[in-house]
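Colleague: Got a predicted model here, sequence first, then my questions.
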Amino acid sequence: MTEKLPKEFYERLEKIYSKKDIEIIKTWFETEKRKTVFRVNKLKWNTLSILSEIEIAWLKITKIDFLPDAFILENWIERDLWNLNCYKNWEIYIQGISSQIPVLFLDLEKNLKVLDITRAPWSKTSQMRDLMENTWEITANELNAIRLSKLKANIEKLWVTNVKTIKSDAKLLWEKLEKESFDRILADLPCSAEWRINLSNEKTYSFWSEKNIKSNYYLQREILKSCIPLLKKDWILVYSTCTIAPEENEAIVHFILSNFPELQIEEINLDYEFSRIWIKSFWKQVYRKDVEKTLRCLPNKMSEWFYIAKFRKI
Ligand SMILES: C[S@@+](CC[C@H](N)C(=O)[O-])C[C@H]1O[C@@H](n2cnc3c(N)ncnc32)[C@H](O)[C@@H]1O
């Protein structure tokens, strides 16, 4: 089945991963229907009440150990949730496992000022809000007008307050926001989104090219150059993408460490069987040793790929 993948893409996989890991990655491509994963929207309801509603409907769920209030729906699909009040009232939110991981490393606590550089469709911001019990002041930016309008609608449905939404090219945020004014920054940046590749839909992989990867690399660099000065001293920036391309992941971390000496990388660890190590070099570029403190999540039959790095401004 994986013969359908662009040849260069497959060659890159072989360069990056071991044979054993490639077998795991193949299960991602070969799984047509993935199990639904949801997270409890704790501002609206409490976990126990939701779980009892799900139990009454005979839906079997498993708790994900390393994610607070996240569950895998084992025996049915998302559609089976549609009739439940907790689904209709947005008391639960459908969000993949890997996509819930970056926010864990922001060390969230109450009463913070947070910047979410590229927000839509709102998954990670609503997750942050739950972890901070809505005691934040968040600035949520997005360039795409359609995605931004969805974002505003979601804010209302999810009962989120204290959110300032901005429509700006993130490369220009330095002009619009005050320098050193945020305690946390989430840089979940636009990327070549290789996780979207679905072998049963040619459109999802015909977009793939090394040229596209390169242009995302330059876009991410410009966005980070604009936003890093907005972070307060002592505090945290988390960078993440949903792609495997080292040019957008390790190469970006290498770029940050080489150009922003005020940012120190912090090691992240996760007790997750699909966590993998960084790539030391790719094509001709050898990455700085500190890049080893970042985390790759291997795609598998349950969850998508992700790359995450955590920085502190000193
Ligand atoms: C990876 S998605 C963000 C996902 C979001 N953090 C979440 O968890 O729901 C990247 C977003 O960046 C937006 N985007 C792309 N280029 C941008 C730019 N130059 N400035 C601001 N946003 C941009 C895209 O429209 C897309 O919604």
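Modeller: Sure, I can see it. It should be emphasised that the depicted structure is a prediction, and the values quoted were computed from it without experimental measurement.
Colleague: My read is that P246 contacts F282, right?
Modeller: Yes: with contact defined as Cβ atoms under 8 Å, P246 counts as touching F282 (4.0 Å). Placement of C-beta: from N, CA and C, glycine included.
Colleague: Mutual contacts of those two, please.
Modeller: I16 (Cβ atoms under 8 Å, 6 or more residues apart in numbering).
Colleague: Have a look at these two and say which one is more surrounded.
Modeller: P246 (27 against 17; other Cβ atoms under 10 Å).
Colleague: Need the three-state assignment for the more buried one.
Modeller: Secondary structure for P246, judged by DSSP: H, G, I helix; E, B strand; the rest coil, is coil.
Colleague: Once you drop chain neighbours, what's closest to D271?
Modeller: F66 (5.9 Å; Cβ to Cβ, 6 or more residues apart in numbering).
Colleague: Please apply the same query to K171.
Modeller: Closest to K171 by Cβ to Cβ, 6+ apart is E222, at 4.5 Å.
Colleague: That neighbour against D169, yeah?
Modeller: No: under the criterion of Cβ under 8 Å, E222 makes no contact with D169, lying 9.2 Å away.
Colleague: Can you list the helices and strands that the helix or strand the residue nearest to K171 falls within packs against?
Modeller: Using DSSP states H and E, E222 maps to helix 210-227. Contacting helix 210-227 under the criterion 3 or more Cβ pairs under 8 Å, 6 or more residues apart in numbering; DSSP states H and E are the following elements: helix 173-176, strand 182-188, strand 231-241, helix 250-259.
Colleague: okay, it in CSV with CA atoms only?
Modeller: Output in CSV follows, covering the C-alpha atoms of helix 210-227 (Å, rounded to 0.1, in the frame of the first residue of the first chain):
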residue,chain,number,x,y,z
GLU,A,210,10.7,19.2,-0.8
LYS,A,211,10.1,22.8,-2.1
ASN,A,212,7.0,23.0,0.1
ILE,A,213,9.1,21.8,3.1
LYS,A,214,11.7,24.5,2.4
SER,A,215,9.2,27.3,2.1
ASN,A,216,7.7,26.2,5.5
TYR,A,217,11.1,26.3,7.0
TYR,A,218,11.6,29.9,5.9
LEU,A,219,8.1,30.9,7.0
GLN,A,220,8.6,29.3,10.5
ARG,A,221,12.0,31.1,10.9
GLU,A,222,10.4,34.5,10.1
ILE,A,223,7.5,33.9,12.5
LEU,A,224,9.8,32.9,15.3
LYS,A,225,12.0,36.0,14.7
SER,A,226,9.0,38.1,15.1
CYS,A,227,7.6,36.4,18.2
